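Visitor: Provide a 3D model corresponding to the input given below.
(2 chains)
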There are 2 protein chains.
Amino acid sequence: MERLEHRACFGGWQDVYRHRSEVLGCDMTVGVYFPPQAERGSCPVLYWLSGLTCNEQNFITKAGAQRYAAEHGIILVAPDTSPRGEGVANDDAYDLGQGAGFYVDATREPWAKHYRMYDYIVEELPAWVEADSAASDVRAISGHSMGGHGALVIALRNPGRYRSVSAFSPIVAPSQVPWGEKAFAAYLGDDREAWKQYDAVELVKGVREKLPLLVDQGDADEFLATQLKPELLRAACDAAGHPLELRMQPGYDHSYYFIASFIGDHIAHHAKALRA
Amino acid sequence: MERLEHRACFGGWQDVYRHRSEVLGCDMTVGVYFPPQAERGSCPVLYWLSGLTCNEQNFITKAGAQRYAAEHGIILVAPDTSPRGEGVANDDAYDLGQGAGFYVDATREPWAKHYRMYDYIVEELPAWVEADSAASDVRAISGHSMGGHGALVIALRNPGRYRSVSAFSPIVAPSQVPWGEKAFAAYLGDDREAWKQYDAVELVKGVREKLPLLVDQGDADEFLATQLKPELLRAACDAAGHPLELRMQPGYDHSYYFIASFIGDHIAHHAKALRA
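Guide: Here you go, the predicted model:
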């Protein structure tokens, strides 16, 4: 493990680490924000999953989340969005391959060897994080777009593992939209049954633990009608009797300005559950 | 004038414009944040001057200042740091030429034709901003590093023009440090007398209007001892009986994580003066 960055921020430290991932078969970079409270004892952890094309930098430099994490005493963990490196399969498109892991465990070549982001986020990353005595195993999860999809899927599939979940502009039904169809066909193959385990709208139908979902969505988001379709999550939650707070935010788009505007609400939402 | 970006942010709008600068003889890009209050009437304006290598994007994407501007009803204006373009003189070094205008009016070739950032910031930019009825002529100014130098120099030389001034990690005595010596020799020539009009430590000696200075400086800043030297400003202010609140912030470096951590204090400082 190597510490690449270590910068004072809101009384705590914004770090970036490189660590070896056995699951992914490559080195991974991860942003970790330690609030001031982490110097005096262990803190709960909010895992943040970023969207297409992002690495660990986008959230830590643009969301302004550290202020709220420092207020509430929460560690923020923001990993890269895919395996990376010369030996890792890739594609010229921005929505497949490196930077576009989609938080699945790929079963098809050439992806299956490295693209195991689901396993990495659920198991290996928290084990690595919690090896630091500053981090407790009290967890929350959130994310944006592809990462909002990842957060919802991972929380829905792992009852008891997260105290709370939220998402910004998530891809709620990847099986039904171009981004998801392309990625799932490549990573998982043509059998759409296999896609359901990574589709929040499908998973909500059969979920046991009803963790309240907080979702923010800008109504001026350029991907709203084609890729995001929050109404599908609304309908699935209504049908399943699953709680959902879906907030349509007027005028907001898909950018980090949107995330910055509401990340304080999300961290307060998580803080309430994490401290309960 | 062309609007390049228009994004909802904290209830207002983060815009980016391209406008023609006659002073600089090129097009300039400027970030402008309109807080929600700007929809109901005119708001005071905080001008932000960025540091070496920056353009209009750094501050608007990384400082998290919009939250505080929205709380206080202040417009934020963040221009690029130099003239730009193919016909504009440049240098391979990061600390001279494009991205390194140093907020002076150059008198030496090849710089004199375009490098008139002092004039642009003091006159042309506010005239352009205030042509919008949302912006009042009640002004404050701040900046970082080279831009902290610019903010101090411009406020000190223009009594009555700004209600308040602050700086992060400013180059307080450019005539005495390598960054300033290199830039001033190129832009202004070898006569060090001509440098004094752009040197805050020199200007504070003879200033008429004693505008309180708020300066934040990280004590882990990698440029502290060689380029920034806040102790020279401390000594000059003490000798001149000029008010200075110089806060040495333990552990902080030269990055935007430092700015993000304290920009709220600075905007509150400006809001108090702007609303007085």
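Visitor: which helix in chain A runs the most residues?
Guide: Counting residues, the longest helix found in chain A (DSSP state H) is helix A:256-274.
Visitor: tell me which residues in it are buried?
Guide: For helix A:256-274, a neighbour-count test (16 or more other Cβ atoms under 10 Å in any protein chain shown) marks A:256-264, A:266-267, A:269-271, A:273-274 as buried. All C-beta spots, glycine's among them, are computed from the backbone N, C-alpha and C.
Visitor: Report the rounded mean pLDDT for that helix.
Guide: For helix A:256-274, mean pLDDT rounds to 98.
Visitor: if you look at it, does any of it touch chain B?
Guide: Yes. Under the criterion of Cβ under 8 Å from any Cβ of the partner chain, chain B is reached by helix A:256-274 at A:256-258, A:260-261, A:264.
Visitor: Going by distance to chain B, which of those residues wins?
Guide: Minimum distance to chain B across the residues of helix A:256-274 next to chain B is 4.1 Å, recorded for residue A:257 (Cβ to the nearest Cβ).
Visitor: quick one: contacts for the closest one?
Guide: Contacts for residue A:257 were tallied using Cβ atoms under 8 Å, 6 or more residues apart in numbering or on different chains; they are B:7-9, B:14, B:66.
Visitor: Neighbour count, secondary structure and distance to residue B:238 added to these, as a markdown table?
Guide: Formatted as a markdown table, these follow (neighbours: other Cβ atoms under 10 Å in any protein chain shown; DSSP: H, G, I helix; E, B strand; the rest coil; distance: Cβ to Cβ, whole Å):
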| residue | neighbour count | secondary structure | distance to residue B:238 |
| --- | --- | --- | --- |
| B:7 | 22 | strand | 44 |
| B:8 | 20 | strand | 46 |
| B:9 | 25 | strand | 41 |
| B:14 | 24 | strand | 40 |
| B:66 | 26 | helix | 36 |
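Visitor: ok, which of those residues also contact chain A?
Guide: Within the set of the contacts of residue A:257, contact with chain A (Cβ under 8 Å from any Cβ) is found for B:7-9, B:14, B:66.
Visitor: Between these, which sits nearest residue A:58?
Guide: Residue A:58 lies nearest to residue B:7 out of the ones next to chain A among the contacts of residue A:257, by Cβ to Cβ, at 15.3 Å.
Visitor: what about dumping the CA coordinates of the helix or strand containing residue A:248 to PDB?
Guide: According to DSSP states H and E, residue A:248 maps onto strand A:244-249. The C-alpha coordinates for strand A:244-249 follow below in PDB (Å, rounded to 0.1, in the frame of the first residue of the first chain):
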ATOM      1  CA  LEU A 244     -38.400   5.500  -1.700                       C
ATOM      2  CA  GLU A 245     -37.700   9.200  -1.400                       C
ATOM      3  CA  LEU A 246     -37.300  10.300  -4.900                       C
ATOM      4  CA  ARG A 247     -36.600  14.000  -5.200                       C
ATOM      5  CA  MET A 248     -36.800  15.600  -8.700                       C
ATOM      6  CA  GLN A 249     -34.700  18.700  -8.500                       C
END
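Visitor: what does it contact?
Guide: For strand A:244-249, contacts defined as Cβ under 8 Å, 6+ apart pick out A:212-219, A:230, A:233-234, A:237-238, A:258, A:261-262, B:8.
Visitor: And the contacts of stretch A:120-133?
Guide: A:19, A:21-24, A:28, A:30, A:32, A:42, A:45, A:47, A:49, A:75, A:77, A:79, A:103, A:135-137, A:139, A:150, A:154, A:158, A:161.
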